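Enquirer: take this sequence and fold it.
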Amino acid sequence: MFDGLVPGERRRRREIHDLFGGSRQGGIAPLANFPAVMFFTDPVAGHRHGYYDGMDDDGLYNYVGEGQHGDQRLIKGNRAILNHTKDGRSLEGFLAESPFVTYLGTFELVDHHFTEAHESGDPNTLRQVVVFRLRPKNEIPVELPAVPI
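Expert: Numbering: from 1, shown residues only. Coordinates of the predicted model:
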């Protein structure tokens with residue numbers, strides 16, 4: 001957990017990056033100066049890019065990896081989530097409501113799988129996306145949507 005942040009706290013995304021670093025673009029931000037990987041989820045806006053994040057019946061958060069075009073691969077941010085425990089990094093979640101984010105707390109990777117989703121901006125083209133199933137390590141401070149059918 002980040003010092004100075006409490007689950008449920010809402011701040012501007014740029015303020016989070018000013019404090020901890022990481023890329024201000026995209027959904028996954030491995031940090032250079034902290035042993036953490038941040039992920040940002042926007043279940044409402046994500047659908048138009050083929051991202052279908054949400055809670056499943058097992059109480060796990062299903063988070064679609066990064067990459068809007070073509071099949072996703074386990075590189076860059078996706079690799080950072082996959083290897084966060086092995087690399088000694090925590091996994092910190094944020095709910096995005098531009099320009100604000102709400103800190104969800106710390107998560108851990110349970111497993112991952114690939115599934116089909118539509119190409120960003122093209123509902124007629126399917127691609128493979130990685131879905132990370134994440135266990136919250138604290139009580140989630142806001143209601144997150146369920147995984148869409």
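Enquirer: quick one, helices of this structure?
Expert: 13-20, 43-46, 76-82 (DSSP state H).
Enquirer: dump these to JSON lines, plus mean neighbour count and mean pLDDT.
Expert: (Each C-beta comes from the backbone N, C-alpha and C, glycine too.) Formatted as JSON lines, these follow (neighbours: other CB atoms under 10 Å; pLDDT from 0 to 100):
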{"stretch": "helix 13-20", "mean neighbour count": "16", "mean pLDDT": "93"}
{"stretch": "helix 43-46", "mean neighbour count": "16", "mean pLDDT": "82"}
{"stretch": "helix 76-82", "mean neighbour count": "20", "mean pLDDT": "98"}
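Enquirer: so which of those comes closest to residue 101?
Expert: Evaluated over the helices of the chain, closeness to residue 101 peaks at helix 13-20, with 4.8 Å, by CB to CB.
Enquirer: show me what residue 41 is bridged to.
Expert: residue 95 (DSSP bridges).
Enquirer: burial measure for it, as a count.
Expert: 24 (other CB atoms under 10 Å).
Enquirer: ok, it - contacts?
Expert: Shown in contact with residue 41 (CB atoms under 8 Å, 6 or more residues apart in numbering): 27, 53, 61, 63, 93-96, 144.
Enquirer: ok, now residue 90?
Expert: Counted by CB under 8 Å, 6+ apart, residue 90 has contacts 1, 35-37, 84, 106.
Enquirer: max-length strand in the chain?
Expert: Counting by DSSP state E, the longest strand found in the chain is strand 100-119.
Enquirer: in it, what's buried?
Expert: By neighbour count on 16 or more other CB atoms under 10 Å, the buried set for strand 100-119 is 101-107, 109, 112, 117-119.
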